[in-house]
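Participant: A predicted structure for the sequence below; I have some questions about it.
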Amino acid sequence: EGALAREVSERLGARVEVGQLISFVNHPYEKYAVDLYLYECTLLDDQLHCRAVKEYAWVTSKEMEAYSFPPVDEASMSKLLGEG
């Protein structure tokens with residue numbers, strides 16, 4: 001949870017309050033596996049100051065269908081949207 005708050009701060013320049021764990025996905029690749037934890041967070045800042053992210057968007061759940069995600073993220077997004 002601390003690492004998540006630090007990453008959001010470093011990459012988006014924003015402070016978040018990390019809430020409950022929403023889902024966990026383990027995605028195996030050929031030579032390694034990725035564990036992805038999805039947390040509910042509360043944004044504590046009004047404005048973001050992106051430092052390490054080229055593009056981002058705040059979207060509703062319905063709007064997320066317009067975006068493509070890598071396989072490991074796709075599984076998490078499906079769980080988030082109640083599809084998995």
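Facilitator: The structure has been received and is ready for your questions.

Participant: and the strand ranked longest in the chain, what does it pack against?
Facilitator: If each strand of the chain is counted by residues according to DSSP state E, the longest one is strand 16-28. Strand 16-28 sits against helix 2-12, strand 33-43, helix 71-80, with contacts defined as 3 or more Cβ pairs under 8 Å, 6 or more residues apart in numbering; DSSP states H and E. C-beta coordinates here come from the backbone N, C-alpha and C atoms, glycine included.

Participant: pick the most buried one from those.
Facilitator: Ranked by mean neighbour count under mean count of other Cβ atoms under 10 Å, these are led by helix 71-80, which reaches a mean of 16.

Participant: CA atoms only for it, dumped as PDB, please.
Facilitator: Taking Å, rounded to 0.1, in the frame of the first residue of the first chain, the C-alpha atoms of helix 71-80 are listed here in PDB:
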ATOM      1  CA  PRO A  71      -3.300  -8.900 -20.900                       C
ATOM      2  CA  VAL A  72      -2.400  -8.600 -17.200                       C
ATOM      3  CA  ASP A  73      -4.200  -5.300 -17.000                       C
ATOM      4  CA  GLU A  74      -7.200  -6.600 -19.000                       C
ATOM      5  CA  ALA A  75      -7.800  -9.300 -16.400                       C
ATOM      6  CA  SER A  76      -7.800  -6.600 -13.700                       C
ATOM      7  CA  MET A  77     -10.100  -4.300 -15.600                       C
ATOM      8  CA  SER A  78     -12.500  -7.200 -16.200                       C
ATOM      9  CA  LYS A  79     -12.600  -7.800 -12.400                       C
ATOM     10  CA  LEU A  80     -13.000  -4.100 -11.700                       C
END
